[in-house]
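**Student:** One predicted model, sequence on top.
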Amino acid sequence: MNIFQNIPPFDFHEVFVMPWTEFGDVFIWIFVMGFLVTAACGMLGSFIVWRQMALVGDAISHSVLPGIVVAFLLTQSRGTLPMFFGALVAGILTTTLIEFIHTKSRVKTDAALGIVFTTLFAIGVVLISMYGENVDLDTDCVLYGEIEYVSQDLTVSLFGLFDVPVQVARMGAVAFCVMLLIVFFYKQLLVSSFDPGLARSIGINPAIVHHGLMLLLSITVVSAFEAVGAILVIAMLIFPATTASMLSDRMPIILGLTVVISAISSLLGVHLALWLDVSTAGAMSVVVSTLFGLAWMFSPNRGLLVLAMRR
């Protein structure tokens, strides 16, 4: 069996030129949305990964399912606003339950994470089974997102200059808030992530910082959920941060590299998806994972090639 037989022929003009010359008003918003999602998740992921809590994002992305279903049952609406708040409440509940089980029992964080997200996800599946005839839920949207249709969303006017799709505007606001909060609370985030004991000694409460970070993570994951889906949002949280950390040990540089990696993965992901006719969010995740592989292999400080040469 030839595994390459389904790969379409590569046409540079069709893949790289035509999307921007003939369909630029569509692809620009796909790229911008992908960049905002990856950048926001990546910047938060830089601190989440150092706290060894990378899979919390995965737990939240799975646990929003019952929140979405309950929001529909209460409002009888599939509008963006009730879905968003339902998913947000479920995300906050997820992080709260994980922390409660971990602190009030001998269960470790990873086990508490597995308990909470599998339970909530199962509740969501049961609710869909019970009220499936009333809930119009696209499983492909839940798994892979609908970033390809972001340009078809309702638009809002940005400062009266141009119209922006609602999803892009919301994700842009979230990404801006993430960046702003990281700048303002950089010291607290950095110290509490690396040394909670030192944080307490200088008057920083690690618990408050942790809960604030989890709240911001919940908002970001829920905002990204509609674009990249439950499965792929975890890639956006982990890969940009870990790739940047392979290239530098300084957090400011890591955060800057995360934004650059987000832009590259979003742009190349759009073109890869167009060439192979696959999910755009999936293609972006493939690109960012490839960038991690390259950094892992060729990093000047800790790359496999450099370590092999030293030995």
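**Tutor:** Yep, it's here.
**Student:** which non-adjacent residue is nearest Trp50?
**Tutor:** Ser193 (4.7 Å; C-beta to C-beta, 6 or more residues apart in numbering). All C-beta spots, glycine's among them, are computed from the backbone N, C-alpha and C.
**Student:** correction: Val278
**Tutor:** Leu272 (7.7 Å).
**Student:** residue contacts, that neighbour?
**Tutor:** Going by C-beta atoms under 8 Å, 6 or more residues apart in numbering, Leu272 touches 278, 283, 286-287.
**Student:** what's the neighbour count on Trp275?
**Tutor:** By other C-beta atoms under 10 Å, the residues close to Trp275 number 18.
**Student:** Could you give the average pLDDT over whichever strand or helix holds it?
**Tutor:** Of the helices and strands defined by DSSP states H and E, Trp275 is found in helix 251-276. Helix 251-276 carries an average pLDDT of 92.
**Student:** can you check stretch 293-300 too?
**Tutor:** Averaging pLDDT along stretch 293-300 gives 88.
**Student:** likewise stretch 168-187?
**Tutor:** Mean pLDDT, computed over stretch 168-187, is 90.
**Student:** got a list of contacts for that stretch?
**Tutor:** 29, 32-33, 36-37, 39-40, 43-44, 84, 150, 153, 156, 158, 164, 189, 204, 209, 212, 216, 219-220, 223-224, 227, 251, 255.
**Student:** cool, and stretch 74-87?
**Tutor:** So stretch 74-87 is contacted by 64, 67-72, 136, 166-167, 170, 222-223, 225-226 (C-beta under 8 Å, 6+ apart).
**Student:** ranking those residues by neighbours, who comes first?
**Tutor:** So for these (other C-beta under 10 Å), the most neighbours sit at Val64, 32 neighbours.
**Student:** Can you verify my assumption that that one contacts Leu93?
**Tutor:** No: using C-beta atoms under 8 Å as the test, Val64 is too far from Leu93 to be in contact (9.8 Å).
**Student:** So which residues of this structure form helices?
**Tutor:** Counting by DSSP state H, the chain has helices at residues 12, 18-21, 24-50, 56-75, 80-103, 109-130, 139-144, 166-184, 186-194, 196-201, 206-247, 251-276, 280-298, 304-310.
**Student:** With respect to these, which exhibits the lowest mean confidence?
**Tutor:** helix 139-144 (a mean of 59).
**Student:** Provide the contact partners of stretch 258-269 at residue level.
**Tutor:** 31, 34-35, 38-39, 42-43, 45-46, 239-241, 243-244, 280-281, 283-288, 291.
**Student:** same deal with stretch 212-220?
**Tutor:** In contact with stretch 212-220 (C-beta under 8 Å, 6+ apart) are residues 40-41, 44, 47-48, 56-57, 60, 88, 91-92, 94-95, 99, 174, 177-178, 181, 185, 189.
**Student:** repeat that for 6 Å
**Tutor:** 40, 44, 60, 91-92, 95, 174 (C-beta atoms under 6 Å, 6 or more residues apart in numbering).
**Student:** Mind listing what's buried along it?
**Tutor:** By 16 or more other C-beta atoms under 10 Å, the buried positions in stretch 212-220 come out as 213-214, 216-220.
**Student:** Closest one of those residues to Thr118?
**Tutor:** Ser218 (17.9 Å; C-beta to C-beta).
**Student:** ok now do the nearest residue to that closest one once chain neighbours are set aside, which residues does it touch?
**Tutor:** Nearest residue to Ser218, sequence neighbours excluded (C-beta to C-beta, 6+ apart): Gly91, at 3.5 Å. Residues near Gly91 by C-beta under 6 Å, 6+ apart: 60, 64, 218, 222.
**Student:** With Ser193 instead?
**Tutor:** Here Ser193 is in contact with 47, 50-51 (C-beta under 6 Å, 6+ apart).
**Student:** Same question for Ile68.
**Tutor:** Ile68 neighbours (C-beta under 6 Å, 6+ apart): 83, 86-87.
**Student:** Could you measure from it over to Leu93?
**Tutor:** 13 Å (C-beta to C-beta, to the nearest Å).
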